[in-house]
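**Student:** heads up, no residue letters with this:
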């Protein structure tokens with residue numbers, strides 16, 4: 001069974017209503033249609049406002065949930081970083097083992113002080129010096 005819509009009532013007059021040109025709307029029909037449009041417009045406005053409140057509530061819930069997820073994500077990041085540090089430490093150890101041993105450093109001999117003069121010659125008198133010269 002088909003249920004007639006409200007628009008059906010407007011387009012098809014009741015049996016006791018006089019037959020009117022379906023293209024012409026009465027003043028009353030215009031008023032009713034205007035009220036319906038306003039009612040639907042109000043409903044759409046209310047639905048938009050409700051949707052906006054719901055979106056704000058969802059954003060707030062997301063912030064709260066994100067706060068709970070942050071420690072877990074941070075802990076996972078710490079585990080990843082610790083694993084990377086261990087891997088890099090292993091690579092560094094391998095590089096150090098592959099590096100050739102350092103060459104032996106040959107040091108120049110320690111600087112020796114100049115030889116000390118042999119025992120100073122005994123001082124001679126001028127007569128002894130003359131005797132030697134002759």
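**Tutor:** In hand now; what should we look at? Note that the structure is predicted; figures quoted are calculated from it, not measured. Numbers count the residues shown, from 1 in each chain.
**Student:** other SSEs contacting the helix or strand in which residue 28 is found?
**Tutor:** With elements delineated by DSSP states H and E, residue 28 resides in helix 27-98, which encompasses its position. Packing partners of helix 27-98 (3 or more CB pairs under 8 Å, 6 or more residues apart in numbering; DSSP states H and E): helix 6-11. C-beta coordinates here come from the backbone N, C-alpha and C atoms, glycine included.
**Student:** let me see the mean pLDDT of the helix it packs on.
**Tutor:** pLDDT averaged over helix 6-11 equals 54, rounded to a whole number.
**Student:** looking at the protein, which helix or strand does the model trust least?
**Tutor:** Least confident helix or strand, the chain: helix 6-11 with a mean of 54, by mean pLDDT, DSSP states H and E.
**Student:** pLDDT weak spots in this protein?
**Tutor:** 1-25, 67, 69, 104-106, 111, 113-134 (pLDDT under 70).
**Student:** one more time with 50
**Tutor:** In the predicted model, the chain carries pLDDT under 50 at residues 1.
**Student:** burial check on residue 36, number of neighbours?
**Tutor:** 13 (other CB atoms under 10 Å).
**Student:** what's the separation between it and residue 108?
**Tutor:** Distance, residue 36 to residue 108, using CB to CB, to the nearest Å: 109 Å.
**Student:** can you check residue 71 too?
**Tutor:** On the measure of CB to CB, residue 71 and residue 108 end up 63 Å apart.
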